[in-house]
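Visitor: Return atomic coordinates for the entry below.
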Amino acid sequence: MKTLLLSFRLSNTYGANTWIYRLRRLPLIKKLIPASLYGCGGLKKFAYILYVILKTIFAFGGKFLYLGLMILLPLSILPGDKTGNFVNIFFFLTAMGAFTNTELFNPTKAKYYTVVLMRTDAKSYALSSLWWFLAKNIVTWIPVVLTLGRQAGIPLGVCLLVPAVMTEWKLVGSALMLKYFDRTGREVSENNLKLFFSVTGAGLLLGYGLPWVHAGLPVQGFYLAAVLLIPCAVCSLRFLIKSRSYKRLYKKILNLNGLIFGVQENAAATQQRAYLSKISSEEVRTGNKKGYDYFNELFIQRHRKILTHSARKTAYILVIILAGMLLLSQVNHKASRGINEVMLNFLPYFIFVMYLVNKGAVVTQAMFMNCDHSMLAYRFYRQPDAVLKLFKARLLTLIKINMIPAAVIACGLPLLLFITGGTDNPLNYGLLFVSVLAMAVFFSVHHLVIYYLLQPYNVNMEAKSSTYSIVNGATYFLCYMCIKIQAPTIIFASLTILFSALYIGAALFLVYRYAPVRFRLKQ
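Guide: Numbering: from 1, shown residues only. I've put the predicted structure just below:
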């Protein structure tokens, strides 16, 4: 208990200080918050209490959003029994989370401060943190699932099993990952991208894919799985309590994930080396281009493994998905009708899809890491004429890159609409095609504009702009919320095209007005 209270106080104090720091980075708020706040006892306690309250609100709010958006919302479009689809999605997403969202293997600075700097016993800290993590999840899940689940018509027995199954999976996942570490000695933190994407892909495919082919987990199977997981969870709990690997584990994951002092520079250098390994040394062809057009073309061709290859891989994946949907529509008439309904009334869903496949964030990060980080040190590169010319060249390039996956979707959606029964209004085919391309141009402009106006990176290649993070977070949230919108394609597509045109015009005006002043290297 003493270790738990120590880690709780340390984590919240660190979190409160981080919030104060981030608030002081915001343009309009930083003048209202003095630096002396860090040393003021009364205000510091107020910030601490406020942080704990907000953290509690976010804990419950996060569960409401997760259950509502990730589980209950898809039930409205999935075929079959609602309760069966609910338990199928929850079961496989929870199994996915057991390996990708853990407490035991999550490397944080709070762990480094507690275990390494304060020399707290690693096992005591690991287990107390795990118990707190599980208890917090149970306490937040129970009211959320009883509120939203019962409103959605989910049986009480299923709702009560949700926190229990979640706890069972968390224990099993933690034990399996710790056992894997014992045997191999390999780093298994949840920042392991290969593990994250492979497990996430499998969880999403099983959770949302099985109901479409009427092969989802039945309610009786969910009850049986909950019972079968009990001995697995008990064995996992015994293993976690008896294990002596925590000190070695924390030494491994905390060091490997750069949580010691000076990590930011090491992490940035590692990322830059990863970029450099993908730079092509082959002779490039730039045609008759000159000036900044030549400079941009040289950069794009030398970094095509980072830029265009990523877009092509995304396009290949989209082709496979579209081919699978075409095949499904031919063998399952109910699925065919559902796909046709999506094409005609759920176009807003594809705003989120286009956000995910857009390469703007990857391209702008590569531009900074391998070009702007060095070039912004020169005065001529920061001149208004140079900034605007290079922005124009980069915008055209970014649009071309994003058109690779966008073209697959733009051609695939009208084809899916036609194959699944078509539409009485032929205008829907053209609007589907044009609206997807408009979304691609919109996100291309958006990412490049906020990069030039808010340039978030400093000399150590760290993202330090709170405003940039807020804008990106708001963009993601708004795109995700579009999933809930249902509107006829002919209306929504027309509005999308119009809004994209207006936004692009306004964004380009802001760039030409403010980018020459804002596009600077932060200290």
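
Visitor: Quick one: mean pLDDT over the longest helix along the chain.
Guide: Identified as the longest helix of the chain according to DSSP state H is helix 384-419. Per-residue pLDDT over helix 384-419 has a mean of 89.

Visitor: per-residue confidence averaged over the helix or strand following that helix?
Guide: Downstream of helix 384-419, the first helix or strand assigned by DSSP states H and E is helix 427-454. Confidence for helix 427-454, expressed as mean pLDDT, is 90.

Visitor: For helix 427-454, buried residues please.
Guide: 428-429, 431-454 (16 or more other C-beta atoms under 10 Å). Every residue, glycine included, has its C-beta placed from N, CA and C.

Visitor: the inter-axis angle of that helix versus helix 384-419?
Guide: Going by axes from the mean of the first three to the mean of the last three C-alpha atoms, to 10 degrees, helix 427-454 is angled at 150 degrees with respect to helix 384-419.

Visitor: Contact partners for Thr420?
Guide: Contacts for Thr420 (C-beta atoms under 8 Å, 6 or more residues apart in numbering) come out as 329, 336-337, 339-340, 343.

Visitor: element containing the closest residue to it other than its chain neighbours, please.
Guide: Of all residues not flanking Thr420 in the chain, Asn340 sits nearest, at 3.9 Å (C-beta to C-beta, 6 or more residues apart in numbering). According to DSSP H and E, Asn340 maps onto helix 333-345.

Visitor: For that helix, list the C-alpha coordinates in CSV.
Guide: Extracted C-alpha coordinates of helix 333-345, given in CSV (Å, rounded to 0.1, in the frame of the first residue of the first chain):
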residue,chain,number,x,y,z
HIS,A,333,-27.0,-10.9,-50.5
LYS,A,334,-27.6,-9.4,-47.0
ALA,A,335,-24.1,-8.1,-46.9
SER,A,336,-24.6,-6.8,-50.5
ARG,A,337,-27.6,-4.8,-49.4
GLY,A,338,-25.7,-3.5,-46.4
ILE,A,339,-22.8,-2.3,-48.5
ASN,A,340,-25.2,-0.6,-50.9
GLU,A,341,-26.8,1.2,-48.0
VAL,A,342,-23.4,2.3,-46.8
MET,A,343,-22.5,3.7,-50.2
LEU,A,344,-25.8,5.7,-50.4
ASN,A,345,-26.1,6.9,-46.8
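
Visitor: who touches Ala311 in this structure?
Guide: Ala311 sits in contact with 359, 401-402, 404-405, where contact means C-beta under 8 Å, 6+ apart.

Visitor: which one of the residues you listed sits closest to Val158?
Guide: Pro405 (38.1 Å; C-beta to C-beta).

Visitor: and the closest one, how many residues sit next to it?
Guide: 26 (other C-beta atoms under 10 Å).

Visitor: Contacts only, for it.
Guide: So Pro405 contacts 311, 314-315, 318, 357, 359 (C-beta under 8 Å, 6+ apart).

Visitor: which two from these end up farthest apart in space?
Guide: Of all the pairs that the contacts of Pro405 form, the one spanning the most space (C-beta to C-beta) is Leu318 and Lys359, at 13.0 Å.

Visitor: May I ask you to confirm that the residue nearest to Thr420 is in contact with Gly421?
Guide: Yes. Counting by C-beta atoms under 8 Å, Asn340 does reach Gly421; the two are 4.8 Å apart.

Visitor: Walk me through the domains of this structure.
Guide: Domain segmentation of the chain under automatic domain parsing yields 2-261, 277-518.

Visitor: And the last one, how far out from the chain middle?
Guide: Think domain 277-518. Computed by C-alpha atoms, centre = their mean, to the nearest Å, the chain-centroid distance of domain 277-518 equals 16 Å.

Visitor: what does the longest one give?
Guide: Between the centre of domain 2-261 and the centre of its host chain there is 15 Å, according to C-alpha atoms, centre = their mean.

Visitor: Next up, identify which helix or strand Arg186 is on.
Guide: With DSSP H and E as criterion, Arg186 is part of no helix or strand.

Visitor: any idea how far it is from Phe46?
Guide: Plainly put, Arg186 is 44 Å away from Phe46 if you go by C-beta to C-beta, to the nearest Å.

Visitor: Which of those two has more residues huddled nearby?
Guide: Phe46 (13 against 9).

Visitor: Now do the SS call for that one.
Guide: Three-state assignment for Phe46 (DSSP: H, G, I helix; E, B strand; the rest coil): helix.

Visitor: Show the contacting residues for it.
Guide: Contacts here follow C-beta under 8 Å, 6+ apart; on that basis Phe46 touches nothing.

Visitor: contact partners of stretch 144-163?
Guide: Contacts of stretch 144-163 (C-beta under 8 Å, 6+ apart): 60, 63-64, 67-68, 72, 75, 82-83, 86-87, 90, 137-138, 141-142, 219, 222-223, 226.

Visitor: Now with 6 Å, please.
Guide: Applying C-beta atoms under 6 Å, 6 or more residues apart in numbering, the set of residues contacting stretch 144-163 from outside is 63-64, 67-68, 72, 83, 86, 138, 141-142, 226.

Visitor: Please apply the same query to stretch 335-348.
Guide: So stretch 335-348 is contacted by 212, 328-329, 416-417, 420-421, 482, 485-486, 489, 492-493 (C-beta under 6 Å, 6+ apart).

Visitor: Can you point out the buried residues in the helix or strand hosting Tyr125?
Guide: If you go by DSSP H and E, Tyr125 is part of helix 122-144. The neighbour-count check on helix 122-144 (16+ other C-beta under 10 Å) flags 122-130, 132-134, 137, 140-141, 144 as buried.

Visitor: just stretch 199-219 next, same as before
Guide: Buried, per 16+ other C-beta under 10 Å, within stretch 199-219: 199, 203, 206-208, 210-212, 216-217, 219.

Visitor: returning to what we had before: to what extent is the residue nearest to Thr420 buried, counted in neighbours?
Guide: 19.

Visitor: before we move on, what about the one 3 residues further on?
Guide: By other C-beta under 10 Å, the residues close to Met343 number 25.

Visitor: switch to numbering from 41
Guide: That works, and once the first residue is 41, the last one we named lands at Met383.

Visitor: where's it relative to Leu456, distance?
Guide: For Met383 relative to Leu456 (C-beta to C-beta), the value is 6 Å.

Visitor: Arg278 too?
Guide: Taking C-beta to C-beta, one finds Arg278 at 51 Å from Leu456.

Visitor: between those two, who's got more neighbours?
Guide: Leu456 (19 against 11).

Visitor: Output the below-cut-off pLDDT ranges for the stretch 191-340 of the chain.
Guide: For the stretch 191-340 of the chain, the stretches flagged by pLDDT under 70 are 227-236, 295-328.

Visitor: Relative to Cys411, how far out is the closest residue to Asp333 other than its chain neighbours?
Guide: Closest residue to Asp333 apart from its sequence neighbours, by C-beta to C-beta, 6+ apart: Ala433 at 5.1 Å. Distance, Ala433 to Cys411, by C-beta to C-beta: 12 Å.

Visitor: ditto for Arg419
Guide: Taking C-beta to C-beta, one finds Arg419 at 16 Å from Cys411.

Visitor: quick one, which of these two is more surrounded?
Guide: Ranked by neighbour count (other C-beta under 10 Å), Arg419 and Cys411 place Cys411 first, with 19 against 8.

Visitor: residues contacting that one?
Guide: Residues in contact with Cys411, defined by C-beta under 6 Å, 6+ apart, are Phe339.

Visitor: change it to 10 Å
Guide: 335-336, 338-339, 342-343, 421, 430, 434 (C-beta atoms under 10 Å, 6 or more residues apart in numbering).

Visitor: Only the buried subset of the residues you listed, as a PyMOL command please.
Guide: The buried residues among the contacts of Cys411 can be selected in PyMOL (16+ other C-beta under 10 Å) with this line:
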select buried, resi 335+336+339+342+343+421+430+434
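
Visitor: Take the contacts of Cys411 and keep only those in helices.
Guide: Short answer: the contacts of Cys411 in helices (DSSP H) are 335-336, 338-339, 342, 430, 434.

Visitor: And those residues, which two are furthest apart?
Guide: Arg342 and Leu430 (15.8 Å).

Visitor: before we move on, back to that, list the residues that are in contact with both of Ala433 and Cys411.
Guide: 335-336, 339.
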